[in-house]
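Student: I would like to see how this sequence folds:
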Amino acid sequence: MELTLTKEQRQIAHAAATEESRPVLATVCIRRNKLIAANGFVMAETILEDIHENHEDMLIPAKDMLKAKDIKAMNHIMLHNNGEAGKARLIDNEGERVIGLVQGTFPNTELLYPKDKVAFRIGLSCDVLSTMLKVAGKDNFVKLTFYGEDRPVKFEAPRTEAQGLIMPYSVQW
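Tutor: You can find the predicted model right below:
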């Protein structure tokens with residue numbers, strides 16, 4: 001398998017666990033046509049457009065994904081796995097190197113998505129969420145209170161006593 005990954009796609013690695021005590025969750029999983037990362041509290045995935053073949057899950061250490069620098073003028077890195085057990089070649093702006101793949105079974109993330117009836121949906125801007133986290137400062141915990149799909153979301157950072165409102169965006173579902 002040969003794969004190109006943009007910097008935006010590689011950002012998924014931020015959702016992976018950072019503790020080495022859970023090696024499978026400290027990876028980015030390439031499963032079918034998806035990149036998936038999870039840490040026990042957050043699970044994120046994105047679609048890979050250029051994979052159409054069926055292959056076994058490939059577990060790439062998240063730290064290798066985050067350290068990779070785009071090949072200049074190409075705006076991506078390349079990842080090759082020719083079936084060699086436990087290894088892949090990563091090609092980035094620093095050159096080519098062999099990285100060790102993690103052995104294990106990544107969770108079936110499709111089972112994690114709720115199947116219940118949706119209570120309500122709300123659209124929030126990533127820039128606005130980022131601003132809210134900056135306001136929270138060094139508080140490691142933020143509470144979000146939802147009052148309805150067309151109502152502001154209240155945020156509170158208990159330790160720093162910061163609080164405020166995030167206005168919802170009008171989104172077509």
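
Student: Just the C-alphas of stretch 122-131, formatted as PDB.
Tutor: C-alpha atoms of stretch 122-131 as PDB (Å, rounded to 0.1, in the frame of the first residue of the first chain):
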ATOM      1  CA  ILE A 122     -25.800  22.500  17.100                       C
ATOM      2  CA  GLY A 123     -23.100  23.900  14.800                       C
ATOM      3  CA  LEU A 124     -20.100  25.600  16.500                       C
ATOM      4  CA  SER A 125     -17.100  27.200  14.800                       C
ATOM      5  CA  CYS A 126     -13.600  25.700  15.400                       C
ATOM      6  CA  ASP A 127     -12.200  29.200  15.700                       C
ATOM      7  CA  VAL A 128     -14.800  30.000  18.400                       C
ATOM      8  CA  LEU A 129     -14.100  26.800  20.300                       C
ATOM      9  CA  SER A 130     -10.400  27.600  20.100                       C
ATOM     10  CA  THR A 131     -11.000  31.100  21.500                       C
END
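
Student: So for that stretch, what gets flagged as buried?
Tutor: Buried residues in stretch 122-131, counting neighbours by 16 or more other CB atoms under 10 Å, are found at I122. To be clear about C-beta, it is placed using only N, CA and C from the backbone, and glycine gets the same treatment.

Student: Wait, a helix at L133?
Tutor: Yes: L133: assigned to a helix according to DSSP: H, G, I helix; E, B strand; the rest coil.

Student: wait, isn't it in contact with F141?
Tutor: No: using CB atoms under 8 Å, L133 is not in contact with F141, being 11.2 Å away.

Student: More neighbours: which of those two?
Tutor: L133 (13 against 10; other CB atoms under 10 Å).

Student: what residues are up against I71?
Tutor: Applying CB atoms under 8 Å, 6 or more residues apart in numbering to I71 gives the contacts 77-78, 91-93.

Student: What is the nearest of these to L111?
Tutor: Here the nearest of the contacts of I71 to L111, counting by CB to CB, is I77; it sits at 30.3 Å.

Student: and after the particular helix or strand that has that closest one in it, which helix or strand comes next?
Tutor: Under the criterion DSSP states H and E, the helix or strand holding I77 is strand 77-80. Using DSSP H and E, the helix or strand that follows strand 77-80 in sequence is strand 87-92.

Student: Any buried residues in that next one, and which?
Tutor: 88, 90-92.

Student: Partner strands of it, with direction?
Tutor: Note on strand 87-92: by DSSP bridges, its sheet partners are strand 77-80 (antiparallel), strand 95-100 (antiparallel).
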